[in-house]
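In: Sharing a model that was predicted from the sequence below.
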Amino acid sequence: MNVDLRTIGDRQEIAMLLARIAHLADAGDPAEYVRCFTPDAVWDLTDATDLPMDVQTISGRAALLAGVHERRAAGIQGPGTHTRHDVSSIAVEVDGDRARSRAYFRYYRGTDGAPVLAAMGVYADEFVRDGDRWLLRRRVISRG
């Protein structure tokens with residue numbers, strides 16, 4: 001396998017973007033969270049088993065921002081909810097200015113005491129390079 005330094009750097013930047021998105025979902029500024037996505041981004045929750053939300057597809061930054069506010073108002077995520085998104089086993093494939101990744105996620109509740117694993121699954125993500133940074137263009141959230 002012949003991988004150049006730029007590809008290695010791109011993979012690392014994308015892994016850090018995934019971490020940043022998780023951190024912002026749990027405790028960050030919602031506007032900063034949505035800036036991690038392209039203006040036309042799609043967030044597709046295909047299985048909401050054990051989650052206090054419905055299967056849904058959200059498109060565009062305005063809808064993503066509204067979704068963050070809804071989840072925070074419902075106590076599903078955000079400051080004071082004692083929830084945590086954990087992302088691991090990240091595999092990234094870069095093709096020029098586009099990339100795809102597959103990662104496992106775990107969603108915990110009760111992180112102010114003995115955490116409870118509430119959900120786990122897979123993020124299948126697509127990214128595009130925007131100048132000198134990567135943005136998430138599509139996220140499909142599934143259990144498989």
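Out: That came through, no problem. In this text, all values refer to a predicted model and were calculated from it rather than measured experimentally. Numbers count the residues shown, from 1 in each chain.
In: Buried residues, the lengthiest strand in the chain. List them.
Out: Among the segments of the chain that qualify as a strand by DSSP state E, the longest is strand 116-130. Under the neighbour-count criterion of 16 or more other CB atoms under 10 Å, strand 116-130 has 118, 119, 121, 122, 123, 124, 125, 126, 127, 129 buried. (C-beta placed from N, C-alpha, C; glycine too.)
In: average model confidence for the biggest helix by length in the chain?
Out: Of all the segments of type helix in the chain, defined by DSSP state H, the longest one is helix 5-27. Helix 5-27 shows a mean pLDDT of 96.
In: mean confidence score for the following helix or strand past that helix?
Out: Per DSSP states H and E, the first helix or strand lying C-terminal to helix 5-27 is helix 30-34. When pLDDT is averaged over helix 30-34, the result is 98.
In: Give me the distance between helix 30-34 and the centre of its chain.
Out: Centre-to-centre, helix 30-34 and its host chain are 12 Å apart (CA atoms, centre = their mean, to the nearest Å).
In: again with stretch 113-124
Out: For stretch 113-124, the distance to the chain centre is 13 Å (CA atoms, centre = their mean).
In: Same check on stretch 98-105?
Out: 10 Å.
In: about what we covered before: just checking, what packs against the longest helix of the chain?
Out: Using 3 or more CB pairs under 8 Å, 6 or more residues apart in numbering; DSSP states H and E as the contact test, the elements touching helix 5-27 are helix 30-34, strand 83-95, strand 98-109, strand 116-130, strand 133-142.
In: Can you tell me how far the residue positioned nearest the centre of the chain is from residue 59?
Out: In the chain, the residue lying closest to the centroid (CA atoms, centre = their mean) is residue 21, at 5.2 Å. As defined by CB to CB, to the nearest Å, residue 21 lies at a distance of 17 Å from residue 59.
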